[in-house]
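In: got a predicted structure here, sequence first:
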Amino acid sequence: MYKIVCATCSYEDEELLKLSERESFLAENECSCGGALSFGLTVISKTAGRWGDTGLAGSTINGVYDHQLGCWYSTSMERDKILKERGLISESDLPSGFVDDKIREQANEDRKFDNMSKTYRAKLEKDGATYGVASKAIAEMLPAHQMLKEAEDMTQITQRLRLTH
């Protein structure tokens with residue numbers, strides 16, 4: 001984007017030109033007053049640190065209130081700082097499909113625990129709701145080696161998440 005200026009009448013305009021078109025544009029065009037055109041100084045706008053940070057969607061003079069964060073912020077950099085301080089990451093930084101995959105995984109876990117709960121209640125109804133029956137039913141449904149494996153898997157996942165952030 002180039003600023004075009006007429007030295008005679010002070011007319012100003014902007015033209016989107018390729019670098020290779022720059023000199024030929026001046027040679028082939030003149031101002032409507034007959035004056036010669038030249039390139040003016042283009043001033044790049046200063047933003048808060050990133051392009052567009054001064055115009056957050058829905059912003060007011062006081063910034064934007066984020067209900068999930070429970071606070072106000074004025075720029076995306078300020079929002080990122082708040083996220084980092086709280087140990088959070090923006091959904092836009094997650095891999096594609098991450099949230100949907102996690103929702104599916106959680107739904108599968110919920111079904112698994114619903115089935116376990118039904119099995120546990122069925123055993124109690126069948127054999128009686130005594131402490132011994134309840135203990136035996138839990139031991140059958142949640143073997144110690146399986147629980148240790150799940151705990152180890154969760155530890156590894158947690159460590160990987162910490163390393164990536």
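Out: Perfect, I can see it now. The shown structure was predicted, so the numbers you read here are calculated from the model rather than taken from an experiment.
In: how far off centre is the helix ranked longest in the chain?
Out: In the chain, assigned by DSSP state H, the helix with the most residues is helix 98-127. Distance of helix 98-127 from the chain centroid (Cα atoms, centre = their mean, to the nearest Å) equals 30 Å.
In: what comes up buried for it?
Out: Residues of helix 98-127 classed as buried by neighbour count (16 or more other Cβ atoms under 10 Å): 120, 123. All C-beta atoms are positioned from the backbone trio N, CA, C, and that covers glycine.
In: packing partners of the helix or strand of the chain with the lowest mean pLDDT?
Out: Within the chain, no helix or strand scores below helix 144-164, which has a mean of 76 by mean pLDDT, DSSP states H and E. If contacts are counted by 3 or more Cβ pairs under 8 Å, 6 or more residues apart in numbering; DSSP states H and E, helix 144-164 sits against no helix or strand.
In: may I have that helix exported as PDB, CA atoms only?
Out: Taking C-alpha atoms only, helix 144-164 is exported to PDB below (Å, rounded to 0.1, in the frame of the first residue of the first chain):
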ATOM      1  CA  ALA A 144      -5.600 -53.400  42.000                       C
ATOM      2  CA  HIS A 145      -3.400 -53.900  39.000                       C
ATOM      3  CA  GLN A 146      -5.900 -52.100  36.800                       C
ATOM      4  CA  MET A 147      -6.200 -49.200  39.200                       C
ATOM      5  CA  LEU A 148      -2.400 -48.900  39.400                       C
ATOM      6  CA  LYS A 149      -2.200 -48.900  35.500                       C
ATOM      7  CA  GLU A 150      -4.800 -46.200  35.200                       C
ATOM      8  CA  ALA A 151      -3.000 -44.100  37.800                       C
ATOM      9  CA  GLU A 152       0.300 -44.500  36.000                       C
ATOM     10  CA  ASP A 153      -1.400 -43.500  32.700                       C
ATOM     11  CA  MET A 154      -2.900 -40.400  34.200                       C
ATOM     12  CA  THR A 155       0.500 -39.400  35.700                       C
ATOM     13  CA  GLN A 156       2.200 -39.700  32.300                       C
ATOM     14  CA  ILE A 157      -0.600 -37.700  30.600                       C
ATOM     15  CA  THR A 158      -0.300 -35.000  33.200                       C
ATOM     16  CA  GLN A 159       3.500 -34.800  32.800                       C
ATOM     17  CA  ARG A 160       3.200 -34.500  29.000                       C
ATOM     18  CA  LEU A 161       0.600 -31.700  29.300                       C
ATOM     19  CA  ARG A 162       3.000 -29.800  31.700                       C
ATOM     20  CA  LEU A 163       5.900 -30.200  29.300                       C
ATOM     21  CA  THR A 164       3.900 -28.800  26.300                       C
END
